[in-house]
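>>> pasting a predicted model and its sequence here:
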Amino acid sequence: MIGCRLPTGSVATVVRVSGHGGALALAAARRYGVSALFTLSGGHVFPLYDAAVTTDPPLRLVDVRHEQTAVFAAEATARLTRTPGLAAVTAGPGVTNSVSAVTTAWFNGAPVVVLAGRAPDYRWGAGSLQEIDHPPLLAPVTKRAWTEHETAKVAESVDEAFRLALSPHRGPVFLDISLEAIYGQAEADVPDAVIPGATVPGVLAPGASAPAGLAPDAGDVGQIAALLREARRPVLILGSDVWLGGAQDAARQAAEELRLPVIANGQARGVLPGGHDLLVTRARSMALRTADLVIVVGTPLDFRLGYGSFGPQDAPARVVHVADTAGGIATHVSLAACAAGDLTAFFTELTAQLADHPATGRPAPTGADPDWGPRLAEAVRAASATDAPLLASDASPVHPARIYGELLKVLDDDAVVIGDGGDFVSFAGKYLEPARPGGWLDPGPFGCLGTGLGYAIAARIARPAAQVVLLLGDGAAGFSLMDADTLVRHRLPVVIICGNNGGWGLEKHPMRALYGYDVAADLQPGCRYDEVVRALGGAGELVAAAAGIGPALRRAFAADAPYLVNVITDPEVAYPRSTTGV
């Protein structure tokens, strides 16, 4: 081994690796803390499997039943651990089957590397099995998509893929490797493990947060601080990038020191735990309708946030947008100010600029209405009081809220909660308030169903001691339930709660409102999804009465197996949404 000086002055070791392209690829991947390879078997990527199982120590190989599940699992790994996720798919349909999952990772800013097989170069254009040029398909939904044709350059290309995936703004990267390159033999220099105490750009130490980017411009932060000093009714919205960028502690400190009411979405849910006096997510509608300043950090101003339109119609709120890169700043709405850069640095600088006396570090008084916080807190209490009867409802058929009333009684603070569905998961977002950040996973703004089983597979591996709960709509179950077989084969116990209303609720009720009838919105009433999981080697049961939900959940958590609790819910209950996203 030889030592080399890196640009930051840190030292890493370099090793000479020899072998086929798969060995070179995984040698580079391991540098980035990759601990599992998610895949569906295909001959174009056999060398990756050989490298995974023959190296010391072996890399965990998790084979699934659909390529999109493999990529969803890699995405969930990235979002839960803040280290990059890795998936490998075979050529042709293996790649095309993965596109929706890659796109979901793109919208969620998840650092995922997808390695793919590719038909041989020497026969290109002659019609080899599964021959298709993949990168043009993936280019619009990745940070980069390209092909490596030379075995000796595989390690270098894989290293580049991981560095790109991790650099702000994080996202998926696609690399396919021609058959000759992945099966061929070569030698290459690969950076080895980081020397203790040293840091390598883009490489995470165990347990570390995501690497920081450049600090935002102090003048931009100063403009935001000035707006806060003037605001009477400010609101702070936190999004998933606050968690993914490792800024959750700085965000909480800023909110508490500056006494800012907070609305959290995505993986920022839990930055302020449920019950915190500044958390006003349950009063979201009132807060955003009456605010005069809304600061949005770490999430786009998309349909989930009314496209950035807040405040009274006759006096719209001033809007501030903060993102980890300049490319993430909204351009479709007029902004009062913006800042781009590392989000921890943003919150730290904002708090410092509003400090009254540097010696004490206490925030300076702002112009905030003294009744603003108490009014929002009262709205939160009123919403919770309204929730209580539904969470305890004995209605028959079961009201979906009762499921969450029972789940709240048995859910641990460190649980990973996964939502994959329409109306059923919308109720979850309303009633479940995480105690810690980073433990909530849903499909995000792309709204792709079928994420659930892949997310659950990854969550059980990433958080082996935590409860893992998958909230599954019966419509979403049709996309990925076969991967309960993957949970069984790999001995990954997960609690799956299926809200079974026998229809596509997210479409059924709006279509009725538009046309007075609905079509193509019904599923099989009372379908036995629990028996599907049992047939695949797991466990499960059917629940048709509210009183049976709690005991069934306790049995599910006690079982050492994938367990599906299939709850028949009222098909006439629709989630009272205020936006369609259109």
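Perfect, I can see it now.
>>> for residue 313, see how far away residue 296 is.
Look at residue 296 and residue 313: by C-beta to C-beta, to the nearest Å, they are 19 Å apart. Bear in mind the C-beta positions are built from the backbone N, C-alpha and C, glycine included.
>>> out of the two, which sits in the busier spot?
Using other C-beta atoms under 10 Å as the criterion, residue 296 and residue 313 rank with residue 296 on top: 25 against 7.
>>> quick one: the more buried one and residue 344, what's the gap?
The gap separating residue 296 from residue 344 is 17 Å, by C-beta to C-beta.
>>> same check, this time on residue 406
38 Å.
>>> cool, and residue 39?
Distance from residue 39 to residue 344, by C-beta to C-beta: 34 Å.
>>> higher neighbour count, the two?
A count of neighbours by other C-beta under 10 Å puts residue 39 above the other of residue 39 and residue 344, at 26 against 22.
>>> for the nearest residue to that one once chain neighbours are set aside, phi and psi?
The shortest distance from residue 39 to any residue other than its chain neighbours is 4.4 Å, reached at residue 88 (C-beta to C-beta, 6 or more residues apart in numbering). Main-chain dihedrals, residue 88, degrees, to the nearest 10: phi -130, psi 130.
>>> where do the strands sit along the stretch 1-150 of the chain?
2-5, 11-20, 36-39, 60-63, 85-89, 112-118, 145-148 (DSSP state E, counting those that start in this stretch).
>>> dump those strands to JSON lines, plus mean pLDDT.
Output for those, formatted as JSON lines (pLDDT from 0 to 100):
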{"stretch": "strand 2-5", "mean pLDDT": "30"}
{"stretch": "strand 11-20", "mean pLDDT": "81"}
{"stretch": "strand 36-39", "mean pLDDT": "98"}
{"stretch": "strand 60-63", "mean pLDDT": "98"}
{"stretch": "strand 85-89", "mean pLDDT": "98"}
{"stretch": "strand 112-118", "mean pLDDT": "98"}
{"stretch": "strand 145-148", "mean pLDDT": "98"}
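>>> for residue 163, which of those strands is the nearest?
strand 112-118 (10.0 Å; C-beta to C-beta).
>>> so how far is the closest one off the chain centroid?
Relative to its chain's centre, strand 112-118 lies at 20 Å (C-alpha atoms, centre = their mean, to the nearest Å).
>>> angle of that strand against strand 85-89?
Between strand 112-118 and strand 85-89, the angle comes out at 20 degrees (axes from the mean of the first three to the mean of the last three C-alpha atoms, to 10 degrees).
>>> which strands and helices lie in contact with strand 112-118?
helix 67-81, strand 85-89, helix 93-96, helix 99-108, helix 154-166, strand 173-178, helix 179-183 (3 or more C-beta pairs under 8 Å, 6 or more residues apart in numbering; DSSP states H and E).
>>> surely residue 252 touches residue 273?
No. Using C-beta atoms under 8 Å, residue 252 makes no contact with residue 273, being 9.3 Å away.
>>> which of these two has more residues huddled nearby?
residue 252 (21 against 16).
>>> tell me who's in contact with that one.
Residue 252 is in contact with 271, 272, counting by C-beta atoms under 8 Å, 6 or more residues apart in numbering.
>>> correct me if wrong, but it is in a helix.
Yes. Under DSSP: H, G, I helix; E, B strand; the rest coil, residue 252 sits within a helix.
>>> measure it to residue 351 for me?
In terms of C-beta to C-beta, residue 252 sits 11 Å off from residue 351.
>>> also residue 20?
Per C-beta to C-beta, residue 20 is found 52 Å from residue 351.
>>> residue ranges with poor pLDDT in the stretch 251-400 of the chain?
356-367 (pLDDT under 70).
>>> for the stretch 401-550 of the chain, give me the ranges with low pLDDT.
In the stretch 401-550 of the chain (pLDDT under 70), no residue qualifies.
>>> mind listing the strands for it?
So, for the stretch 401-550 of the chain - with DSSP E, counting those that start in this stretch - the strands run 416-420, 440-441, 468-473, 495-500, 539-543.
>>> any chance of those strands in CSV, plus distance to residue 329?
Shown next, in CSV, are the strands of the stretch 401-550 of the chain (distance: least, C-beta to C-beta, whole Å):
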stretch, distance to residue 329
strand 416-420, 28
strand 440-441, 25
strand 468-473, 33
strand 495-500, 37
strand 539-543, 46
